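# pasting the sequence and the predicted model now:
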Amino acid sequence: MEQILIFIEQHIEMFYFVILSVFVGVEVIGHVPAVLHTPLMSGANAIHGVVIVGAIHVMLNLQASNYILLILGTLAVLLGTLNVVGGFVVTDRMLEMFKKKN
């Protein structure tokens, strides 16, 4: 328990930053019109490719005997890939709505 308190004391600015980010995020998302939620979410899902790259980077630096982290990394890559593909599918469907029909 003492180690946790020491960690919090040493990184208190990080905790303040995360808490402030949560409040700012809630305010920003709360003021977005309902019409824009789908395009913003599909774009955000497409940007989650960063999660895939980060998970691959972490997995490359793991020991081969650490099965739990390898499984978690594989799961992160799989779910991140699904999120990115879903974002592109939704974006493509939205763009199809704006094309002229023959």
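Ah, there it is. Numbers count the residues shown, from 1 in each chain.
# list the contacts of the least confident helix or strand in the chain by mean pLDDT.
Least confident helix or strand of the chain, by mean pLDDT, DSSP states H and E, is helix 37-47 with a mean of 72. The contact list for helix 37-47 (CB atoms under 8 Å, 6 or more residues apart in numbering) reads 32, 83-84, 86-88, 90-91, 94. (C-beta placed from N, C-alpha, C; glycine too.)
# show me which of these is closest to Leu5.
Proximity of the contacts of helix 37-47 to Leu5 (CB to CB) peaks at Asn83, which lies at 35.3 Å.
# run through the protein and note the low-pLDDT ranges.
Within the chain, the segments meeting pLDDT under 70 span 46.
# how does it divide into domains?
Taking automatic domain parsing as the criterion, the chain consists of the domains 1-31, 35-102.
# ok, how many other residues are close to the closest residue to Val58 other than its chain neighbours?
The shortest distance from Val58 to any non-neighbouring residue, by CB to CB, 6 or more residues apart in numbering, is to Gly73 (5.8 Å). Neighbour count of Gly73, defined by other CB atoms under 10 Å: 19.
# repeat that for Ser42.
For Ser42, using other CB under 10 Å, the count is 20.
# number of residues surrounding the residue nearest to it when sequence neighbours are not counted?
Sequence neighbours aside, Val90 is the residue nearest to Ser42 in space, at 3.9 Å (criterion: CB to CB, 6+ apart). Neighbour count for Val90, taken as other CB under 10 Å: 17.
# ok, now which ones touch Val90?
The neighbourhood of Val90, defined by CB under 8 Å, 6+ apart, consists of 38, 41-42, 45.
# try Val77
52, 55-56, 59 are the contacts of Val77 under CB under 8 Å, 6+ apart.
# which one of those residues is nearest to Val18?
Ala55 (20.5 Å).
# my read: the closest one touches Thr81, true?
No. Assessed by CB atoms under 8 Å, Ala55 is found out of contact with Thr81, at 9.7 Å.
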